[in-house]
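Undergrad: my questions concern the predicted model and sequence given below.
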Amino acid sequence: MKSREMTGLAVRVFGRRRQARARAMDEFVSTFTNRLDAKGRVSIPASFRTVLAVDGFDGLYCCPTLDRQAVDAGGNRFRATIGSSLSSFPPFSEDHEYLSTTLIGESEILKIDGDGRVVLSEALKAHAGIGERVTFVGQGYKFQIWEPERFVAYREEAKARLRDIRKRLVPGHRAAGVTSESEE
């Protein structure tokens with residue numbers, strides 16, 4: 001292989017790796033649990049702060065989730081997703097009003113201090129049932145803030161529902177660890 005061709009190949013391979021790393025830096029991934037300190041502050045996970053910095057939003061946009069006792073949070077990408085959802089309804093329509101009241105009217109922009117901490121408002125803590133600890137759950141373009149025990153219950157419910165969905169979508173699929181009498 002000629003030197004020029006190898007250089008082109010190296011650029012493509014390393015370029016793809018760089019793109020994959022860049023994509024990983026613009027999505028909220030993983031789950032973290034942190035304690036609130038004596039002043040009611042909680043540290044946002046470092047990887048989430050990196051995503052917020054790349055996103056360019058100054059602060060943390062938060063609103064109560066629509067159907068769970070948790071808080072949706074993120075930056076510009078999350079706000080753009082809300083805006084996109086709103087744009088699918090005619091302005092001043094009842095559906096637009098409901099959605100904007102919930103996702104914008106009940107939202108808060110929290111200030112992130114120099115150490116990467118935020119103070120969750122009493123309204124957000126009450127909605128999510130948050131006490132001394134908080135679980136941060138990455139969901140790609142946004143993350144959620146949960147009371148840890150509620151999140152564990154929700155995660156188990158989500159896994160059970162996903163197993164049911166997979167059974168319906170994948171013919172012949174059986175749950176892992178379940179064997180028939182003929183296989184024993």
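TA: Yep, that arrived.
Undergrad: apart from its chain neighbours, what residue comes closest to Asp115?
TA: Ser43 (7.0 Å; C-beta to C-beta, 6 or more residues apart in numbering). Yep, even glycine has a C-beta here, placed from its N, CA and C like the rest.
Undergrad: which helix or strand in this protein has the lowest average pLDDT?
TA: helix 3-25 (a mean of 49; mean pLDDT, DSSP states H and E).
Undergrad: angles on the backbone of Asp164, please.
TA: Backbone torsions for Asp164, taken as degrees, to the nearest 10, come to phi -60, psi -40.
Undergrad: and for Lys111?
TA: Dihedral angles (degrees, to the nearest 10) for Lys111: phi -80, psi 130.
Undergrad: once you drop chain neighbours, what's closest to it?
TA: Gly59 (5.7 Å).
Undergrad: contact partners for the one you found?
TA: Ile109, Leu110, Lys111, Ile112 (C-beta atoms under 8 Å, 6 or more residues apart in numbering).
Undergrad: ok so, going back, which neighbours does the following helix or strand past the least confident helix or strand of the chain have in its sheet, and in what orientation?
TA: Counting by DSSP states H and E, the next helix or strand C-terminal to helix 3-25 is strand 31-35. Here strand 31-35 is paired, per DSSP bridges, with strand 133-138 (antiparallel).
Undergrad: name the helices or strands packed onto whichever helix or strand comes after the partner strand?
TA: Elements were assigned by DSSP H and E; along the chain past strand 133-138, the next helix or strand is strand 143-146. With contacts defined as 3 or more C-beta pairs under 8 Å, 6 or more residues apart in numbering; DSSP states H and E, the packing partners of strand 143-146 are strand 71-74, helix 122-128, strand 133-138.
Undergrad: can you give me the neighbour number for Asp164?
TA: Neighbour count of Asp164, defined by other C-beta atoms under 10 Å: 11.
Undergrad: check what pLDDT it gets.
TA: As predicted, Asp164 sits at a pLDDT of 90.
Undergrad: who's in contact with it?
TA: For Asp164, the contact set (C-beta under 8 Å, 6+ apart) is empty.
Undergrad: and if you look at Arg168?
TA: Listed by C-beta under 8 Å, 6+ apart, Arg168 has no contact partners.
Undergrad: distance check, it against Val137.
TA: Separation of Arg168 from Val137 (C-beta to C-beta, to the nearest Å): 25 Å.
Undergrad: again, but for Ile44
TA: Applying C-beta to C-beta, the value for Ile44 to Val137 is 13 Å.
Undergrad: ditto for Arg117
TA: With C-beta to C-beta as the criterion, Arg117 and Val137 are 18 Å apart.
Undergrad: also Pro45?
TA: In terms of C-beta to C-beta, Pro45 sits 10 Å off from Val137.
Undergrad: look at Ile44 and Val137 and report which has more neighbours.
TA: It is Ile44, of Ile44 and Val137, that has more neighbours when counted by other C-beta under 10 Å, with 24 against 20.
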